[in-house]
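Colleague: Sequence below, structure please.
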Amino acid sequence: MRLFSTSSLKFAICLSVALLATSPAARHAYGHGAGGDIAIFSTNGKVDIGFAVLDDQDEDQEFFDPTENIFSLVLLPQNPIPAIPWQFGSSEPGFDANEGELPTEADISYNLVELRYWDGQSAEVQLGPATGINAGVAPQPGKSDTLGGFHSHPLFGVNDPNGTPADGVYVGKLTVSVDGLIDSDPYYMVTLVTGEVTNIADRLDPNATAQEIRDAQIAAAEAIGEMARLYADDPAGNPLPIYEGIQGAADFTFFSNAISAVQTEAVPEPTSLALAGILLVGFIGGVRRRR
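Modeller: Next up is the predicted model:
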């Protein structure tokens, strides 16, 4: 175990205080460009969910927030196969657990509790049942290693068995199951399907290769996702999430509003949040290297 210095501990304490002072909408992570994963750990025999930023080798958790349960991302078009049937999906963020956090060699599954959809057209966020749309995490199950650690990047995605999922916001409410532990409380995937990513080839050279098209889709997803996240975090301090896309400026304020709405819906009670901030100081006191 690598312990933090006294100055690092002071930083951890300041960080936990900052988290307590942050507005609910400012505490979510996102997929493309986030550099972080969904952290899985155990608390009193139950699976718990948080957010972790890993080092460049995906071995050490350099930052860990045990209070986070909202993750936002822009979905990419996929080529469905039986094991991963999504027409739109993303492998970011992945899942990560430090050694010793989970039972060894345990199956890990991801359970969709609910999927909601909003086309982004109304003035207020109006998430309703995503009728006829399948969603979830695939492939699964995963399995923890012989030391109780875990790192994997399955895809969260959506598909329409009778066509193609419409553009708009899809919000998945999920839990995590680990053999030997009680299932986690819900976490939320606030995702976007948009033609600005799907149809990116329309703005590229007609001779662009498949890899060049994919790289452009990823770049567009990262740009849109980051703009929407920053605006959701701080509308007064960041510009509107307007992306210069295929047919000119595309306004993704509706995606930011959906992220904020889900964050407000899922935020812990103040007492729980305060306890989580205190726990952060203990958790950030050390990280374990995954072999």
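Colleague: Surely residue 225 is in a helix?
Modeller: Yes. Residue 225: assigned to a helix according to DSSP: H, G, I helix; E, B strand; the rest coil.
Colleague: now it, nearest residue through space, not along the chain?
Modeller: In space, and not counting its chain neighbours, residue 225 is closest to residue 74: 4.6 Å by C-beta to C-beta, 6 or more residues apart in numbering. Glycine gets a C-beta too; all of them are placed from N, C-alpha and C.
Colleague: Let me know how buried that neighbour is, in neighbour terms.
Modeller: Close neighbours of residue 74, defined as other C-beta atoms under 10 Å, add up to 29.
Colleague: swap in residue 235?
Modeller: Residue 235 is flanked by 16 other residues according to other C-beta under 10 Å.
Colleague: what's the distance between the nearest residue to it once chain neighbours are set aside and residue 228?
Modeller: Of all residues not flanking residue 235 in the chain, residue 256 sits nearest, at 7.6 Å (C-beta to C-beta, 6+ apart). According to C-beta to C-beta, to the nearest Å, residue 256 and residue 228 sit 5 Å apart.
Colleague: Model confidence at residue 217, what's the number?
Modeller: pLDDT recorded at residue 217 is 95.
Colleague: Now residue 210: phi and psi?
Modeller: Backbone geometry at residue 210, expressed as degrees, to the nearest 10, gives phi -60, psi -40.
Colleague: that older thread, can you pull the residues that touch both of residue 256 and residue 228?
Modeller: Jointly contacting residue 256 and residue 228 under the rule C-beta atoms under 8 Å, 6 or more residues apart in numbering are residue 241.
Colleague: more crowded one of these two?
Modeller: For residue 256 versus residue 228, neighbours defined as other C-beta under 10 Å are more numerous around residue 228 (29 against 24).
Colleague: which other helices and strands contact the host helix or strand of that one?
Modeller: Under the criterion of DSSP states H and E, residue 228 resides in helix 210-233. Here helix 210-233 touches strand 29-30, strand 70-74, strand 76-77, strand 187-193, helix 195-198, strand 242-245, helix 253-266, going by 3 or more C-beta pairs under 8 Å, 6 or more residues apart in numbering; DSSP states H and E.
Colleague: so where is the chain shaky, pLDDT-wise?
Modeller: 1-35, 267-291 (pLDDT under 70).
Colleague: returning to that earlier point: and the residue nearest to residue 225, what are its bridge partners?
Modeller: Residue 74 has these beta-bridge partners by DSSP bridges: residue 192.
Colleague: Give me the distance from stretch 102-115 to the chain's centre.
Modeller: Its chain's average C-alpha position is 16 Å from that of stretch 102-115, according to C-alpha atoms, centre = their mean, to the nearest Å.
Colleague: ok, residues contacting that stretch?
Modeller: 40-42, 95, 129-130, 133, 135-137, 140-150, 152, 154, 158, 170-181, 183, 186.
Colleague: buried residues in that stretch?
Modeller: Of the residues in stretch 102-115, 102, 106, 108, 110, 115 count as buried by neighbour count, 16 or more other C-beta atoms under 10 Å.
Colleague: separation between the residue nearest to residue 225 and residue 219?
Modeller: With C-beta to C-beta as the criterion, residue 74 and residue 219 are 11 Å apart.
Colleague: All set, thanks.
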